[in-house]
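Engineer: Fold the stuff below for me.
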Amino acid sequence: MKYYGETQNTIELTERVEMSNSNKLTIIQMNDSHAYFDLHQEMFWEGDHAVYRKAGGYARIAALVKQIRAVSPNCLFCDCGDTFQGTFPAQKTQGKALIPILNSIGIDAMTAHWEFAYSPEVFQQRVAELNYPMLAINIFDKVTNKPVYPSYIVKEVGGLRIGLVGLASNIIDKTMPPSFSEGIYFTLGKDELPPVITILQIVEKVDLIILISHLGFPQDLKLLSEVQGIDICLSGHTHNRLSEPVLIGKTIVIQSGCHGSFLGRLDVELNDGQIIDYRHQLIEVKANTEPDPTVEKLVKEALEPFNDLLTEVVGETATALNRGTTLESTMDNFLLQALLESTGAQLAFSNGWRFGAPVIPGKITLNDLYNIIPMNPPVSTVELTGEELRAMLEENLERTFSCDPYKQMGGYVKRCLGLHVYFKIENPAGQRIQKIFIGKEEAKPGQYYTAAFVTMQGVPEKYGRNRKNSSELVIDAMRKYLSSHHPLSAELRGTYVVV
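Structural biologist: Here you go, the predicted structure:
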């Protein structure tokens with residue numbers, strides 16, 4: 001396979017891609033849209049600071065896809081997953097509110113991750129309602145050991161035979177609540193991929209193999225360095241905004257942000273089964289994009305039952321709330337401040353979730369609170385020793401920063417308040433933390449500390465004693481906190497310090 005083209009990030013959507021008279025294909029990628037039905041705030045870095053502007057929405061995505069297809073009819077539109085979870089309407093309907101919308105925007109195939117939040121059984125119901133396939137080479141039934149989903153499909157596009165292979169997130173049965181993987185198990189896919197590649201090449205005689213992956217960008221790069229034969233990898237899970245593709249050997253890798261704020265476009269030219277040219281564009285789904293009227297109507301119908309509830313103003317913030325930073329985030333500081341005040345605990349923990357659209361300074365609505373934590377779990381408490389605290393944080397740091405991408409199994413660093421952690425990011429597993437301070441005192445290995453948390457990802461069940469769920473749900477705790485702290489301040493505190 002040969003590559004002659006350079007990445008072109010300035011291609012206009014209406015520009016016809018000029019290539020030689022051989023076979024051409026356009027691939028559109030959506031990943032990690034997290035059920036953001038309509039326009040929402042998105043964060044962008046400019047120099048030394050963040051700016052915010054509205055982006056996204058499935059009606060605008062549909063319009064852009066139609067524009068691209070009008071110019072490049074040989075086109076595939078693939079979804080890398082994290083689509084059915086992330087907002088209140090999706091959570092309340094277990095993803096069902098999305099079905100008419102997703103079925104109308106022309107997706108060819110998908111894979112999954114947070115889709116299993118409603119249980120594998122419910123997700124099977126959603127998949128049966130879709131007009132395109134869910135693909136996963138690495139999900140198996142615990143009883144029969146048979147694949148739960150098709151590993152691949154072959155699509156005929158403009159005379160080309162394209163093999164689409166799905167690779168779901170492999171961490172679902174390892175780091176997420178047990179209900180997510182009831183009756184099924186997940187593998188990395190490394191062993192299952194080569195035989196399927198052989199089938200596609202020899203039996204199906206495809207011209208191109210595209211991997212639709214939700215492993216994560218670092219994981220995909222390692223996998224592709226070990227498994228040959230994938231031509232294009234559409235990567236998901238880690239919310240990377242790649243303005244240029246990455247080449248791993250002969251494989252082109254792209255990833256396209258999150259929240260449906262971006263689409264990835266990759267135009268390739270083939271000759272005798274070889275990619276001889278390619279161009280790429282990371283497309284911002286801008287607010288001024290004229291929405292597709294059919295999909296816009298479907299979005300309004302899906303959101304209408306929830307509008308009165310979600311538009312309620314519940315507070316005001318002076319701090320821009322976002323999850324755009326790895327070690328600590330203003331959005332989670334707000335969440336943790338509410339946990340501390342609700343419980344009177346010394347420490348507070350939540351998971352390092354990546355999803356959650358920013359909240360800009362000004363009014364906070366109930367919709368904003370559900371975007372922060374759509375699951376609305378109970379506020380929980382536990383007692384942890386200093387030794388358990390260190391072990392839990394070391395485990396989390398390894399899952400975030402492991403030099404082996406296959407051992408990276410989390411989002412960002414676990415969100416914490418009430419302590420300060422000094423650590424060396426480059427040290428091996430179990431040896432990163434130099435000091436932990438609770439207040440002004442160093443944490444004592446045998447001493448117990450009270451901690452508030454949400455979900456088992458905040459404090460895994462193997463840690464601590466006297467674990468309790470309170471009667472208060474976290475949305476109520478955040479509302480109560482806002483009622484006595486206006487405007488809200490939730491600035492970064494330097495909880496983690498890299499030394």
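
Engineer: quick one, helices of the protein?
Structural biologist: Here the chain has its helices, by DSSP state H, at 58-71, 88-92, 99-102, 120-129, 172-175, 193-198, 217-226, 293-303, 307-310, 330-343, 366-372, 386-401, 455-458, 474-484.

Engineer: Ile275 pairs with what?
Structural biologist: Per DSSP bridges, the residues bridged to Ile275 are Leu270.

Engineer: got a pLDDT number for it?
Structural biologist: Listed pLDDT for Ile275 reads 95.

Engineer: Wait, it touches Asp231, no?
Structural biologist: Yes - with contact defined as C-beta atoms under 8 Å, Ile275 reaches Asp231; the gap is 6.3 Å. Where you see a C-beta, it was placed from the backbone N, CA and C, and this is true even at glycine.

Engineer: coming back round to it: CSV please, covering the helices of the chain and showing mean pLDDT and distance to Asp48.
Structural biologist: Formatted as CSV, these follow (pLDDT from 0 to 100; distance: least, C-beta to C-beta, whole Å):
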stretch, mean pLDDT, distance to Asp48
helix 58-71, 98, 30
helix 88-92, 98, 34
helix 99-102, 98, 38
helix 120-129, 98, 42
helix 172-175, 96, 34
helix 193-198, 98, 42
helix 217-226, 98, 25
helix 293-303, 98, 36
helix 307-310, 96, 34
helix 330-343, 98, 16
helix 366-372, 98, 26
helix 386-401, 98, 24
helix 455-458, 96, 31
helix 474-484, 98, 29
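
Engineer: Now tabulate the ones you listed in JSON lines and tack on mean neighbour count.
Structural biologist: JSON lines is the format used below for the helices of the chain (neighbours: other C-beta atoms under 10 Å):
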{"stretch": "helix 58-71", "mean neighbour count": "21"}
{"stretch": "helix 88-92", "mean neighbour count": "21"}
{"stretch": "helix 99-102", "mean neighbour count": "20"}
{"stretch": "helix 120-129", "mean neighbour count": "16"}
{"stretch": "helix 172-175", "mean neighbour count": "17"}
{"stretch": "helix 193-198", "mean neighbour count": "16"}
{"stretch": "helix 217-226", "mean neighbour count": "20"}
{"stretch": "helix 293-303", "mean neighbour count": "18"}
{"stretch": "helix 307-310", "mean neighbour count": "12"}
{"stretch": "helix 330-343", "mean neighbour count": "24"}
{"stretch": "helix 366-372", "mean neighbour count": "24"}
{"stretch": "helix 386-401", "mean neighbour count": "20"}
{"stretch": "helix 455-458", "mean neighbour count": "20"}
{"stretch": "helix 474-484", "mean neighbour count": "19"}
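
Engineer: Report the separation between Glu426 and Glu442.
Structural biologist: Between Glu426 and Glu442 the computed distance is 23 Å (C-beta to C-beta, to the nearest Å).

Engineer: Kindly report the same for Arg323.
Structural biologist: Taking C-beta to C-beta, one finds Arg323 at 29 Å from Glu442.

Engineer: repeat for Val499
Structural biologist: Going from Val499 to Glu442 by C-beta to C-beta gives 15 Å.

Engineer: Of Arg323 and Glu442, give the one with the bigger neighbour count.
Structural biologist: More neighbours surround Arg323 than the other of Arg323 and Glu442, with 23 against 10 (other C-beta atoms under 10 Å).

Engineer: tell me the contacts of that one?
Structural biologist: By C-beta atoms under 8 Å, 6 or more residues apart in numbering, the contact set of Arg323 is Ser329, Met331, Asp332, Trp353, Arg354, Phe355, Gly356, Pro358, Tyr412.

Engineer: Pull the contacting residues for the residue lying closest to Tyr118 once chain neighbours are set aside.
Structural biologist: What sits nearest to Tyr118 in space, not counting adjacent residues and going by C-beta to C-beta, 6 or more residues apart in numbering, is Gln94, at 4.1 Å. The contact partners of Gln94, taken as C-beta under 8 Å, 6+ apart, are Tyr118, Val122, Arg126.

Engineer: Wait, the first one touches Gly95, no?
Structural biologist: Yes - contact status for Tyr118 versus Gly95: in contact at 6.3 Å, counting by C-beta under 8 Å.

Engineer: where exactly do the strands run in the stretch 101-250 of the chain?
Structural biologist: 109-110, 139-141, 152-157, 160-167, 184-186, 208-213, 232-234, 246-248 (DSSP state E, counting those that start in this stretch).

Engineer: Flag the shaky bits of this protein, pLDDT-wise.
Structural biologist: Counting by pLDDT under 70, the chain shows low-confidence ranges at 1-22.

Engineer: hmm, try it at 90
Structural biologist: Applying pLDDT under 90 to the chain flags the ranges 1-22, 272-273, 410.

Engineer: domains for it, by residue range?
Structural biologist: Domain segmentation of the chain under automatic domain parsing yields 23-303, 311-498.

Engineer: Please work out which of the ones you listed is packed deepest.
Structural biologist: domain 23-303 (a mean of 20; mean count of other C-beta atoms under 10 Å).

Engineer: now do the same end-to-end measure for it.
Structural biologist: 42 Å (C-alpha to C-alpha, to the nearest Å).

Engineer: gap between that domain and the chain center?
Structural biologist: Taking C-alpha atoms, centre = their mean, to the nearest Å, one finds domain 23-303 lying 11 Å from the centre of the chain it belongs to.

Engineer: So Ile139 is in contact with Val148, correct?
Structural biologist: Yes - between Ile139 and Val148 there is a contact at 4.6 Å, judged by C-beta under 8 Å.
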